[in-house]
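In: requesting a structural model of the entry that follows:
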Amino acid sequence: MRPAESNLSSTDEVVLVGIQQGEEAAYQTLFTKYYPMLTTFALRYVSEVDSAKEIVQEVFIKLYQKRETLIIQQSLKAYLFKAVYRTCLNTIHQENRRSYHHQEAILYRSDAEYANKLEEAEAEQRIYRAIDQLPTQCRRIFTMNRFEGMGNQAVADQLNLSKRTVETQISKALKLLRKTLFLLIGGLFF
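Out: Numbers count the residues shown, from 1 in each chain. The predicted structure is shown next:
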């Protein structure tokens, strides 16, 4: 099983042959021997212990999955450290890509929120312009009722009008606003 140009020690060769033949004991020996130091090594590249453990476990899983076609010409230790190093780099690359896309999504959402707020401000400005175009008494009654929160009777009492006149003027204001705003912003109804 060992190629002529292999630099494997006899102990590594025995463990490798055992792994290739699916011997659980050989795999367990390798895992027990290298898992702690590989996890510590992975921590040099990733900041979280859980990430480091996952990376090392991933390396051992791949080793087991490829056991039948596995060719190692250096030491098992060197092979495992190199595999952990490459997996760390891949993980960092994936996290950076994910972070970049996350930032892009935030920027896109911020742009969309800004556009929505801008549209809202423009719509609000159109509404105030439409209110300003109402006839004087109609505008005064409407603003007292809608913006100052006064009831119809309170508006009537303050302006020495009948409640029915106030109701008619508010109805007139709404009708004019609907017409004006429908033309301006295409279908905004009160």
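
In: where exactly do the helices run in the protein?
Out: According to DSSP state H, the chain carries its helices in the segments 10-20, 24-42, 49-65, 76-132, 136-146, 152-159, 163-185.

In: can you put those in a markdown table and add mean neighbour count and mean pLDDT?
Out: All C-beta atoms are positioned from the backbone trio N, CA, C, and that covers glycine. What follows is the helices of the chain, written out as a markdown table (neighbours: other CB atoms under 10 Å; pLDDT from 0 to 100):
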| stretch | mean neighbour count | mean pLDDT |
| --- | --- | --- |
| helix 10-20 | 17 | 80 |
| helix 24-42 | 16 | 89 |
| helix 49-65 | 17 | 91 |
| helix 76-132 | 13 | 80 |
| helix 136-146 | 17 | 90 |
| helix 152-159 | 16 | 92 |
| helix 163-185 | 16 | 86 |
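
In: hmm, what's the outermost residue in this protein?
Out: What lies farthest from the middle of the chain is N160; by CA atoms, centre = their mean that is 58.3 Å.

In: just the pLDDT for it.
Out: For N160, the pLDDT comes out at 94.

In: next one: phi and psi at it?
Out: Phi and psi for N160, reported as degrees, to the nearest 10, are phi 50, psi 50.

In: check P135 too.
Out: Main-chain torsions, P135, degrees, to the nearest 10: phi -60, psi 150.

In: for it, what are its contacts?
Out: P135 makes contact with no residue, according to CB atoms under 8 Å, 6 or more residues apart in numbering.

In: same deal with I170?
Out: Neighbour list for I170: I141, F142, N145, N152 [criterion: CB under 8 Å, 6+ apart].

In: make it 7 Å
Out: The neighbourhood of I170, defined by CB atoms under 7 Å, 6 or more residues apart in numbering, consists of I141, F142, N145.

In: separation between the most centrally placed residue in the chain and N96?
Out: Centroid-nearest residue in the chain, with CA atoms, centre = their mean: H102, separated by 5.2 Å. For H102, the distance to N96 equals 10 Å [CB to CB, to the nearest Å].

In: and if you look at Q137?
Out: When distances are taken as CB to CB, Q137 and N96 turn out to be 65 Å apart.

In: repeat that for I61.
Out: Taking CB to CB as the measure, I61 and N96 are separated by 23 Å.

In: repeat for I170
Out: In this view, I170 and N96 are 59 Å apart by CB to CB.

In: do the same with L183
Out: Relative to N96, and taking CB to CB, L183 is found at 51 Å.

In: tell me how the protein divides into domains.
Out: 10-100, 133-185 (automatic domain parsing).

In: just how off-centre is the first one within its chain?
Out: Put plainly, it is domain 10-100. 31 Å (CA atoms, centre = their mean, to the nearest Å).

In: now do the same end-to-end measure for it.
Out: Taking CA to CA, to the nearest Å, the first and last residues of domain 10-100 lie 47 Å apart.

In: same check on stretch 64-81?
Out: Using CA to CA, the end-to-end distance of stretch 64-81 comes to 16 Å.
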